[in-house]
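>>> From the sequence below, what's the structure:
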Amino acid sequence: MKITSRFTVAVHTLLVIYYFSGKEKTTSDFIAASVNVNPVVIRRTLLSLKGAGMIEVKAGSGGADIVKDLKEITLYDVYRAVECVDGDLFHFHENPNPSCPVGRSIHSVLDVHLADAQAALENSLRGVTLAQIVQEFEAHRGA
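Sure thing, here's the model as predicted:
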């Protein structure tokens, strides 16, 4: 099981916008060079982040800017903005056999644990702000 790379691409994108703010125009081509993906991927990411109110994108090749306070953007906000999970994190196999005692009971036994695991992940992401990520980035960069 993997969360799509849209999440890490979005966090990378936000860090590029932050780091190069005032130094470079953070266009989709510029960001794509750092992320090492096609600029189309970055344009989709920028649209999602803009839709979530985290950034603004200037028309043409004006670049992007973060418009929300970094302390107010959590990793959960980014996770939701780029819709790397649609609904439940765990996809349950289709049609367990109701004639089998295991198949008949598997949902009632496992569903609550899977929901708890997803809630734990999401709560962990809610506890980390982009300001913290920037601080960790700056510390690592200086090391």
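>>> Name the residues that touch whichever strand or helix holds residue 131?
For residue 131, the element it lies in under DSSP states H and E is helix 130-142. For helix 130-142, the surrounding residues in contact (Cβ atoms under 8 Å, 6 or more residues apart in numbering) are 11, 14-15, 18-19, 66, 69-71, 73-75, 78. C-betas here are computed from N, CA, C, even on glycine.
>>> Neighbour-wise, which one of the residues you listed leads?
Highest neighbour count within these, by other Cβ atoms under 10 Å: residue 78, with 27 neighbours.
>>> Provide the backbone phi and psi angles at residue 58.
Dihedral angles of residue 58 (phi, psi; degrees, to the nearest 10) stand at phi -80, psi 140.
>>> quick one, what contacts it?
Neighbours of residue 58 in contact, by Cβ under 8 Å, 6+ apart: 64, 65.
>>> for it, which residues make a bridge with it?
Judged by DSSP bridges, the bridge partners of residue 58 are residue 63.
>>> how close does it sit to residue 43?
In this view, residue 58 and residue 43 are 13 Å apart by Cβ to Cβ, to the nearest Å.
>>> Including pLDDT, could the contacts of helix 130-142 go into TSV?
Formatted as TSV, those follow (pLDDT from 0 to 100):
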residue	pLDDT
11	98
14	98
15	98
18	97
19	97
66	98
69	97
70	98
71	98
73	98
74	98
75	97
78	97
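>>> Okay, and which of these map to strands?
Judged by DSSP state E, the subset of the contacts of helix 130-142 located in strands is residue 66.
>>> Which strands or helices does the lengthiest helix in the chain pack on?
If you go by DSSP state H, the chain has its longest helix at helix 101-126. Secondary-structure packing of helix 101-126 (3 or more Cβ pairs under 8 Å, 6 or more residues apart in numbering; DSSP states H and E): helix 75-81.
>>> for stretch 17-35, which positions count as buried?
With burial defined by 16 or more other Cβ atoms under 10 Å, the residues of stretch 17-35 counted as buried are 17, 18, 20, 26, 27, 28, 30, 31, 32, 35.
>>> That one: end-to-end distance?
One end of stretch 17-35 to the other measures 12 Å (Cα to Cα, to the nearest Å).
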